[in-house]
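Asks: Got a predicted structure here, sequence first:
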Amino acid sequence: MISGSSLAKRKVIVGYSTRVEQSDAAIAVRGLVKKYAKAKTNAVDGVSFEVSGGEIFGLLGPNGAGKTTTIGVLTTAIVPTEGSASIMSVDVMRDPISVKQRIAVVPQQSNLDRSLKVREILTFHAAYHSVPRKVREALADKLLDELGLGDRKNEKVSRYSGGMAQRLMIARALMHEPDVLFLDEPTNNLDPQSRLFLWERIHEMNARGLTILLTTHDMDEADKLCHRIAVMDHGKILVNDTPEGLKKLIPGGTVLEVRAFVGEQGEHAGDALSAALNAIPGVTKVEMVDEKSEAADDTGTLSFRVYGEAVNALIGPAAQAVFSSGAQVRDLSVKQPSLEEVFIFLTGRHLR
Amino acid sequence: MGDIESGQSRTLLACNAFLAILRRDVRVTAREFVPFLLQALMQPLFFLFIFGKVLPGIGLAAGNFAALMLPGIVALTGMIAAMQGVTLPLVLDLGFAREIDDRLLSPLPVWWVALEKVMFGAIRGVIASSVIFPLGWLILGNGFAVRDDRIPILIGMVILTGCVGSTIGLLMGTVIKPDQISLMFTLIFTPLLFTGCTYYPWGALSNIRWFQVLTLLNPLTYAAEGLRYSMVPPIGGHNFSTLGIGWILLLLGISVVTMFVLGTRTFLRRVVT
């Protein structure tokens, strides 16, 4: 599962003078398991990955996949049931203080200090991290200007919009010049404009050398931002590769999407149709897509994704297969691979 | 920040963070100092006036009642101010606002965040208690009487009272859920208020023995009695009789430590899963 970092292992003195075998990765997670009390299944179930310094790494997966729990462990808020994690070679469980000095977290929801004025939020955050007064005063003004908040720095956050609060949380995260930045679903509640602005910032921060781990369930976002992506589902990492590498997982690189009207026959027809498509020579895999969210007039319509080496040549046989199964073709289209296709290929369902 | 911090610099980081967090609380309270004082002092102001001035004035209370009640008011005010300074912000923070996250992510042991809350609450308590003295002097006039030969114990008692209040506040703040807040305040504050020997000296309860024993469960009783010990002037050459000061200090100390340990435990359970 681990790719991209062929870094030499070395011995480092950590914490209480104990020698621990660590790697040079900015983030290293090994065999991580988290089971919450009262939960039946593991929220994180044996996750391992490494992120090299200067990388933008994405944890991609549906809600409840274990992304936020993984971040929680890496940011010292959650104690894992099993496994280990380190940031910049510092063990997260053994030396949380040193870890906290090196990381910054931008959470899903605003946790800005509403008792302070905007500029104070930044300067106090820096003071918590021992940044000298002159440095933090100057840095706060600089970041507020950069993020377009300079003229509203003496207000309280209660007057800020969601997008502004998000920008302020990013400014806050940068105040103590961390090595690793965690962004938990950073663009979840943002309008398109703020989203673009944020994407630019993320690239910019990364260009300055910051290692970034972000979680998202937005394929497009992961594709545009990340150097490497780990797809998570049910607490496990399914694949971990570059966006291009992930897309190559689809045999032949393209997908034939078939939509067929089966009328009242329902599920049963689906299985028959699936088998008929599978029987076409050259087809390697057929996936029936669960599309409950579709409009009501689509009742009786089923969607399939047909994978094969030469998808274009399958259009005719596929139409024939649908027809001979007693159904009607509604749509046949060849799709370029997107991460969405990759996810459906891996899990058989839509992400959202 | 390239290299691993040594133990020493890690301690320095943690101390810096602790002081900065304390400074943050001071800044926020200083900005709202007048509302804070009003909140802390409105009730004692009226108590002093009615019980110390009006009741003795119309002959319903003895003349020295004011001198016995003033220490009770100092204790109650300090304790409530300290509790409120910790409980309310904690309930809201841990419940949904999560504004405390930024401090939990600071480079210091998580339990130090609880320690800071307690220290700050105690400071609030000490300020509120201290303001009662000039206030009492103004309202009670001739009735204001405080002995001046036990000032060090008085100072110690005021600080200890603040600590008792803020550690109880820590436990309450970490146990209470936001939707229970008004109910819990009624269930906890009202009994605390009336069984704490605030408005009557403990020794005078000897006729109602069961109640006298009951009041010993309330830390406020010891705070009020300790302040009586250090404040009430001798009458006719005799010191006013209170609970033994040694017991008072011991039991208040035990209360502070127990509440802090319990409160920190629930605090940790709420912030680290």
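Replies: In hand now; what should we look at?

Asks: max-length helix in chain B?
Replies: Counting residues, the longest helix in chain B under DSSP state H turns out to be helix B:110-140.

Asks: Identify each buried residue in that one, please.
Replies: For helix B:110-140, the neighbour count (16 or more other CB atoms under 10 Å in any protein chain shown) marks B:110-133, B:135-136, B:139-140 as buried. Quick note: C-beta positions are derived from backbone N, CA and C, even for glycine.

Asks: Could you do stretch B:137-154 as well?
Replies: Judged by neighbour count using 16+ other CB under 10 Å, the buried positions of stretch B:137-154 are B:139-140, B:143-147, B:150, B:153-154.

Asks: Just the buried positions in stretch B:210-221, please.
Replies: Buried positions in stretch B:210-221, judged by neighbour count with 16+ other CB under 10 Å: B:212, B:215, B:218-221.

Asks: Tell me which residue lies nearest the centroid of chain B.
Replies: B:Met79 (2.1 Å; CA atoms, centre = their mean).

Asks: Tell me which helix or strand that residue sits in.
Replies: Element membership for B:Met79 (DSSP states H and E) is helix B:65-92.

Asks: How far away from the center of its chain is that helix?
Replies: 5 Å (CA atoms, centre = their mean, to the nearest Å).

Asks: Only C-alpha atoms, please: export the helix or strand just after that helix in PDB.
Replies: Later in the chain than helix B:65-92, the nearest helix or strand by DSSP H and E is helix B:101-104. Only the C-alpha atoms of helix B:101-104 are listed here, as PDB (Å, rounded to 0.1, in the frame of the first residue of the first chain):
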ATOM      1  CA  ASP B 101      -9.700  23.100  20.500                       C
ATOM      2  CA  ASP B 102      -7.100  25.800  19.700                       C
ATOM      3  CA  ARG B 103      -5.800  25.600  23.300                       C
ATOM      4  CA  LEU B 104      -5.900  21.800  23.300                       C
END
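
Asks: Next, the buried residues of helix B:101-104.
Replies: Buried residues in helix B:101-104 (16+ other CB under 10 Å): B:101-104.

Asks: ok, now stretch A:209-216?
Replies: The neighbour-count check on stretch A:209-216 (16+ other CB under 10 Å) flags A:210-216 as buried.

Asks: That one near chain B anywhere?
Replies: No - Stretch A:209-216 stays clear of chain B (CB under 8 Å from any CB of the partner chain), getting no nearer than 11.9 Å.

Asks: mean confidence for that stretch?
Replies: Average pLDDT, stretch A:209-216: 91.

Asks: What of stretch B:154-161?
Replies: Across stretch B:154-161, the average pLDDT comes to 95.

Asks: One more: stretch A:49-62?
Replies: 90.

Asks: ditto for stretch B:231-247
Replies: Stretch B:231-247 shows a mean pLDDT of 85.

Asks: can I get the CA coordinates of that stretch in PDB?
Replies: In PDB, the C-alpha atoms belonging to stretch B:231-247 read as follows (Å, rounded to 0.1, in the frame of the first residue of the first chain):
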ATOM      1  CA  MET B 231     -12.500  38.400  60.100                       C
ATOM      2  CA  VAL B 232     -15.000  38.600  63.000                       C
ATOM      3  CA  PRO B 233     -13.600  40.800  65.700                       C
ATOM      4  CA  PRO B 234     -13.400  39.500  69.300                       C
ATOM      5  CA  ILE B 235     -16.500  40.300  71.400                       C
ATOM      6  CA  GLY B 236     -15.900  41.300  75.000                       C
ATOM      7  CA  GLY B 237     -12.300  40.000  74.800                       C
ATOM      8  CA  HIS B 238     -13.400  36.600  73.500                       C
ATOM      9  CA  ASN B 239     -12.700  35.300  70.000                       C
ATOM     10  CA  PHE B 240     -15.800  34.400  68.100                       C
ATOM     11  CA  SER B 241     -16.000  30.600  68.100                       C
ATOM     12  CA  THR B 242     -15.900  28.900  64.700                       C
ATOM     13  CA  LEU B 243     -14.900  25.500  63.300                       C
ATOM     14  CA  GLY B 244     -11.200  24.800  64.100                       C
ATOM     15  CA  ILE B 245      -9.100  26.600  61.500                       C
ATOM     16  CA  GLY B 246      -6.800  23.500  61.200                       C
ATOM     17  CA  TRP B 247      -9.800  21.400  60.200                       C
END
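
Asks: Which parts of the stretch 201-350 of chain A are strands?
Replies: A:211-216, A:228-233, A:236-241, A:255-261, A:283-289, A:301-308, A:328-335 (DSSP state E, counting those that start in this stretch).

Asks: about what we covered before: from the buried residues of helix B:101-104, which single one is nearest chain A?
Replies: Nearest to chain A among those: B:Asp101, at 4.4 Å, using CB to the nearest CB.

Asks: got the residues of the stretch 151-300 of chain A near chain B?
Replies: For the stretch 151-300 of chain A, the contact set with chain B under CB under 8 Å from any CB comprises A:172, A:177, A:179.

Asks: Between the residues you listed, which has the least confident prediction?
Replies: Ranked by pLDDT, those bottom out at A:Glu177 (90).

Asks: Distance of it relative to A:Thr347?
Replies: 38 Å (CB to CB, to the nearest Å).

Asks: ok so, going back, ok, for the residue nearest to the centre of chain B, nearest residue in space, not its chain neighbours?
Replies: B:Gly165 (3.6 Å; CB to CB, 6 or more residues apart in numbering or on different chains).

Asks: Return the set of buried residues in the strand or helix carrying B:Ala30.
Replies: B:Ala30 belongs to helix B:7-31 when assigned by DSSP H and E. For helix B:7-31, the neighbour count (16+ other CB under 10 Å) marks B:10, B:13-14, B:16-18, B:20-22, B:24-25, B:28-29 as buried.

Asks: how about those residues in JSON lines, adding distance to A:Glu221 and pLDDT?
Replies: Formatted as JSON lines, the buried residues of helix B:7-31 follow (distance: CB to CB, whole Å; pLDDT from 0 to 100):
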{"residue": "B:Arg10", "distance to A:Glu221": "36", "pLDDT": "86"}
{"residue": "B:Leu13", "distance to A:Glu221": "34", "pLDDT": "91"}
{"residue": "B:Ala14", "distance to A:Glu221": "37", "pLDDT": "93"}
{"residue": "B:Asn16", "distance to A:Glu221": "37", "pLDDT": "93"}
{"residue": "B:Ala17", "distance to A:Glu221": "33", "pLDDT": "94"}
{"residue": "B:Phe18", "distance to A:Glu221": "38", "pLDDT": "96"}
{"residue": "B:Ala20", "distance to A:Glu221": "35", "pLDDT": "95"}
{"residue": "B:Ile21", "distance to A:Glu221": "34", "pLDDT": "95"}
{"residue": "B:Leu22", "distance to A:Glu221": "40", "pLDDT": "95"}
{"residue": "B:Arg24", "distance to A:Glu221": "34", "pLDDT": "94"}
{"residue": "B:Asp25", "distance to A:Glu221": "38", "pLDDT": "92"}
{"residue": "B:Val28", "distance to A:Glu221": "36", "pLDDT": "91"}
{"residue": "B:Thr29", "distance to A:Glu221": "41", "pLDDT": "90"}
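
Asks: Of these, which ones also sit close to chain A?
Replies: By CB under 8 Å from any CB, the members of the buried residues of helix B:7-31 lying near chain A are B:10, B:13-14, B:16-17, B:20-21, B:24, B:28.
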